[in-house]
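Participant: Attaching a predicted model along with its sequence, questions to come.
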Amino acid sequence: MPKILIVDDDASIRRTLKNILEFEKYKVDEAVDGLDAMVHIKQNKYDVVIMDIKMPKLDGMDAIESVQKLRPDLPVVMISGHGNIDTAVEAVKKGAFDFIQKPPDLNRLLITIRNALDKSCLITEKKVLQRKVRKKDSQEMIGKSEGMELIKDTIERVAPTDARVLITGPNGTGKELVARWMHLKSSRNEGPMVEVNCAAIPSELIESELFGHEKGAFTSAVKNRVGKFELANDGTLFLDEIGDMGLSAQAKVLRALQESKITRVGGDKEISVNVRVLAATNKDLRAEIRKGNFREDLYHRLAVIIVKVPALNERRDDIPMLIEHFINMICKEYGINPKKVENTAMKLLQTLNWTGNIRELRNVVERLIILSGDTIAKKDVEQFVVPSSSKKDALTDLFDKYDDLHKLQLHVKREFENYKGVLV
Ligand SMILES: Nc1ncnc2c1ncn2[C@@H]1O[C@H](COP(=O)(O)OP(=O)(O)OP(=O)(O)O)[C@@H](O)[C@H]1O
């Protein structure tokens with residue numbers, strides 16, 4: 001239940017507001033002036049504060065500065081009977097979420113509180129996402145092959161610039177990891193890195209996902225929603241599987257890139273965004289352009305720098321190092337000592353056909369850790385890996401390539417559509 005603090009020296013106003021808000025199922029505390037408010041805010045976790053301006057001891061204008069220092073993310077709605085436009089502007093300048101005149105219009109007050117709560121939720125969501133991203137950020141990029149050295153060198157050179165980068169390569173080769181390092185090594189690394197998997201979002205929702213929407217823009221748009229472009233402001237937007245984006249969304253992304261402005265679906269206001277875009281695909285975008293599935297102008301906007309991530313079969317020298325890395329990582333997760341790999345087992349693993357690339361290798365290492373004894377021997381590889389790697393049926397192969405069930409579903413759907421075309 002969201003918790004609200006009402007700060008007003010007038011007991012009757014506090015009581016009226018408390019009754020209304022409790023009826024709306026909010027939990028409400030009261031404070032009699034700015035100083036009392038600060039004591040409450042230090043001891044409790046509020047979602048919104050409603051604060052009068054004229055109060056004894058510490059008035060609202062001074063109190064909001066203290067609130068900003070203590071809890072910069074806490075939305076404060078100012079209310080005042082002595083309001084004029086200058087006071088409202090000053091309050092907002094000092095960080096108030098909104099300003100409402102006394103006696104407050106009930107509907108306006110409730111809508112403002114809802115919006116302030118939405119903002120609180122977004123901030124929390126953003127923090128959770130940033131934590132997750134930081135966790136992913138800490139993933140090392142392993143490999144000393146020529147291909148990997150070239151990629152690392154490109155990241156060092158390109159990351160600090162604002163150039164757009166298109167990352168290409170087969171599934172599971174580490175395209176997302178490259179994007180994360182580009183962000184981490186850029187001057188935007190204090191800002192968010194927001195990821196959109198264009199293949200996982202149905203085409204009718206992708207525009208709303210990217211640009212947000214205004215309430216009522218379509219049947220299920222029950223409230224305003226901020227899109228990924230806005231969420232990525234001052235940071236990086238990673239458009240994964242860009243080759244699966246529909247032409248209509250492509251046109252809008254192109255406009256956003258050209259003008260650094262977006263418009264929410266169903267809205268008419270232009271919103272400026274400062275976003276660096278990185279994109280990735282496993283498709284041959286030039287071939288998609290020829291087939292009319294991808295806009296050439298968008299391709300040129302995105303592919304200022306192209307990073308090609310090679311398949312694992314093309315950098316077999318990296319396999320031992322990657323195996324050691326995954327063993328250490330996975331054994332740590334399981335809370336066991338890292339297992340050793342016999343030389344003959346390592347050699348065999350190096351020769352296998354890794355169609356699912358590094359993702360498949362990681363899964364295989366996990367399987368070997370679970371199924372083998374203290375040491376991973378050649379016979380373990382022959383028993384638990386070779387059958388699935390050399391005699392793989394089409395379905396196992398697909399599962400190795402797509403660890404995300406939704407991506408797999410989309411792939412199967414696309415294949416089915418192709419077959420339908422052939423049969424007709
Ligand atoms: N060089 C590397 N060192 C260590 N781990 C890696 C490396 N490259 C990829 N990985 C790991 O392999 C897995 C797959 O990588 P990632 O998701 O970046 O691939 P992808 O090319 O984006 O895949 P997809 O095309 O399916 O989206 C992840 O767990 C990632 O951390």
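Facilitator: Thanks, I have it. Numbers count the residues shown, from 1 in each chain.
Participant: ok, then the element right after the helix or strand encompassing Ile330?
Facilitator: Per DSSP states H and E, Ile330 falls inside helix 319-334. Using DSSP H and E, the next helix or strand after helix 319-334 towards the C-terminus is strand 340-341.
Participant: Close to the ligand: what parts of this protein are there?
Facilitator: Residues of the chain that fall close to the ligand, judged by Cβ under 6 Å from any ligand atom: 139-143, 169, 171-177, 240, 282, 325, 358-359, 362. Every C-beta, even on glycine, is put in place using the N, C-alpha and C of the backbone.
Participant: for Ile376, what are its contacts?
Facilitator: Listed by Cβ atoms under 8 Å, 6 or more residues apart in numbering, the contact partners of Ile376 are 339-342, 345, 368-369.
Participant: And the pLDDT at it?
Facilitator: Looking at Ile376, its pLDDT stands at 96.
Participant: What is the neighbour count of whichever residue of the stretch 151-300 of the chain sits closest to the ligand?
Facilitator: For the stretch 151-300 of the chain and the ligand, the shortest gap (Cβ to the nearest ligand atom) falls at Gly174, measuring 2.5 Å. By the measure other Cβ atoms under 10 Å, the count of residues near Gly174 is 24.
Participant: Kindly report the domain assignment for the protein.
Facilitator: Domain assignment for the chain by automatic domain parsing gives 3-125, 139-308, 312-392.
Participant: And the first one, end to end?
Facilitator: With Cα to Cα, to the nearest Å applied, domain 3-125 spans 18 Å between its terminal residues.
Participant: Also stretch 335-344?
Facilitator: Span of stretch 335-344 from end to end, Cα to Cα: 26 Å.
Participant: In this structure, which helix is the longest?
Facilitator: Longest helix in the chain by number of residues, with DSSP state H as the criterion: helix 106-137.
Participant: Can you turn the buried subset of the contacts of Ile376 into a selection I can paste into ChimeraX?
Facilitator: Of the contacts of Ile376, the buried ones go into a single ChimeraX selection, burial set by 16 or more other Cβ atoms under 10 Å:
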select :339,341,342,345,368,369
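Participant: Any chance of TSV for the contacts of Ile376, columns pLDDT?
Facilitator: Formatted as TSV, the contacts of Ile376 follow (pLDDT from 0 to 100):
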residue	pLDDT
Lys339	95
Lys340	95
Val341	97
Glu342	97
Ala345	96
Leu368	95
Ile369	94
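Participant: that older thread, send me the helix holding Ile330 as CSV with only the CA atoms.
Facilitator: Output in CSV follows, covering the C-alpha atoms of helix 319-334 (Å, rounded to 0.1, in the frame of the first residue of the first chain):
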residue,chain,number,x,y,z
ILE,A,319,38.0,-22.6,-26.4
PRO,A,320,40.3,-23.8,-23.6
MET,A,321,40.3,-20.3,-22.0
LEU,A,322,36.5,-20.0,-22.3
ILE,A,323,36.1,-23.5,-20.7
GLU,A,324,38.3,-22.6,-17.8
HIS,A,325,36.4,-19.3,-17.4
PHE,A,326,33.0,-21.1,-17.4
ILE,A,327,34.2,-23.8,-15.0
ASN,A,328,35.4,-21.2,-12.5
MET,A,329,32.2,-19.2,-12.8
ILE,A,330,29.7,-22.1,-12.7
CYS,A,331,31.5,-24.0,-9.9
LYS,A,332,31.5,-20.7,-7.8
GLU,A,333,27.7,-20.5,-8.5
TYR,A,334,27.3,-24.1,-7.3
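Participant: Packing partners of it?
Facilitator: Of the remaining helices and strands, those touching helix 319-334 by 3 or more Cβ pairs under 8 Å, 6 or more residues apart in numbering; DSSP states H and E are strand 340-341, helix 343-351, helix 357-371.
Participant: switch to 7 Å and redo it
Facilitator: The contact analysis (3 or more Cβ pairs under 7 Å, 6 or more residues apart in numbering; DSSP states H and E) places helix 319-334 against helix 343-351, helix 357-371.
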